[in-house]
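Quick one: sequence and predicted model below, then my questions.
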Amino acid sequence: MNADRVTGTLEMRACDHQVIRDMFVTEFIFPNKWWTDAAGYGTGDSISGKEAADIELINFSYPLEELDDKVQQLAEKLTNIPLSQLMCMKLIVNQAYDNMGLQSTQTLGPILDGIMRNTPEGREFVNVSASEGVKTAIQRRDGPFGDYSQAPIEERPRKRSQLK
C-alpha cells in the first residue's frame, strides 16, 4: 500500500498480506476487540507503517525506495504455493474473520457512517469544508491528535514523486 493514510482497518484487513511503506501513516479506529487489544488503543491516533509492523497489525513495512521491489518479491514467492493450498488457506482465514464479526462490522460501518455525518460535529465539518476549505476542516478535526499533516515537513510521509 502506497498512500498517505488509511482510516480504519477494513481496508487493511481486506488484504491477505499487508505491505506498506515505513512512513505510511494510518489512523486506526479498530472494528473489534482483537484489533484494539493488539494495538493497545482505539483512539484514532496516527501510527507509522513501521509501528504497525512492529506491533504486528500488518505483515511488513519498508522504506518507499524498497516498497515496489519487496512487494514484487513477495508476489513471486506466493506464486510457488499450489493453487489448491492457497484456496484452502484463504477459506480458513476468511472464516476466522467471519468468526470475529467482520461481516457484522462491515454491515454496521456504513450505517454508523451515515448517522455520524449528520451529527452536529459532522455537519460542522461539512460547513467548514465548504466555507473555509477542506484543509482547514481537517486541521481543526485532526489537530488535537497531533496529525502528521500538521507536522514539520521532514516528519511527513514522502511521496513517490519525491524519490528522485
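Now that the structure is in, tell me what you want to look at. Numbering: from 1, shown residues only.

Let me see the mean pLDDT of the helix or strand hosting S131.
Under the assignment given by DSSP states H and E, the secondary-structure element containing S131 is helix 120-132. Looking at helix 120-132 alone, the average pLDDT works out to 92.

tell me what it is packed against?
Taking 3 or more C-beta pairs under 8 Å, 6 or more residues apart in numbering; DSSP states H and E as the contact definition, the neighbouring helices and strands of helix 120-132 are helix 134-142. (Each C-beta comes from the backbone N, C-alpha and C, glycine too.)

And the helix it packs on, what's buried?
Within helix 134-142, the residues that count as buried by 16 or more other C-beta atoms under 10 Å are 137-138, 142.

which one in these is the model shakiest on?
Comparing pLDDT over these, the lowest reading goes to D142, 80.

Roughly how far does that one sit from A151?
Distance of D142 to A151, computed by C-beta to C-beta, to the nearest Å: 11 Å.

before we move on, back to that, could you export the buried residues of helix 134-142 as CSV, including distance to K77?
As requested, these are exported to CSV (distance: C-beta to C-beta, whole Å):
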residue, distance to K77
A137, 43
I138, 39
D142, 37
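
Just the buried positions in the helix holding S131, please.
Buried residues in helix 120-132, counted by 16+ other C-beta under 10 Å: 125, 128.

go on, stretch 65-81?
Using 16+ other C-beta under 10 Å as the burial criterion, the residues of stretch 65-81 that qualify are 67, 71.

Now do that stretch, average pLDDT.
When pLDDT is averaged along stretch 65-81, the result is 88.

Just the CA coordinates for that stretch, please, in PDB.
Listed in PDB are the C-alpha atoms of stretch 65-81, where the atom choice follows Å, rounded to 0.1, in the frame of the first residue of the first chain:
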ATOM      1  CA  GLU A  65      12.500   3.200  -2.200                       C
ATOM      2  CA  GLU A  66      12.300  -0.500  -1.500                       C
ATOM      3  CA  LEU A  67       8.500  -0.900  -1.500                       C
ATOM      4  CA  ASP A  68       7.900  -2.000  -5.100                       C
ATOM      5  CA  ASP A  69      10.700  -4.500  -5.200                       C
ATOM      6  CA  LYS A  70       9.700  -6.000  -1.800                       C
ATOM      7  CA  VAL A  71       6.100  -6.400  -2.900                       C
ATOM      8  CA  GLN A  72       7.200  -8.000  -6.200                       C
ATOM      9  CA  GLN A  73       9.400 -10.400  -4.300                       C
ATOM     10  CA  LEU A  74       6.500 -11.400  -2.100                       C
ATOM     11  CA  ALA A  75       4.200 -11.800  -5.000                       C
ATOM     12  CA  GLU A  76       6.700 -14.100  -6.800                       C
ATOM     13  CA  LYS A  77       7.200 -16.200  -3.700                       C
ATOM     14  CA  LEU A  78       3.400 -16.700  -3.300                       C
ATOM     15  CA  THR A  79       3.200 -18.000  -6.900                       C
ATOM     16  CA  ASN A  80       5.100 -21.100  -5.700                       C
ATOM     17  CA  ILE A  81       2.200 -22.200  -3.500                       C
END
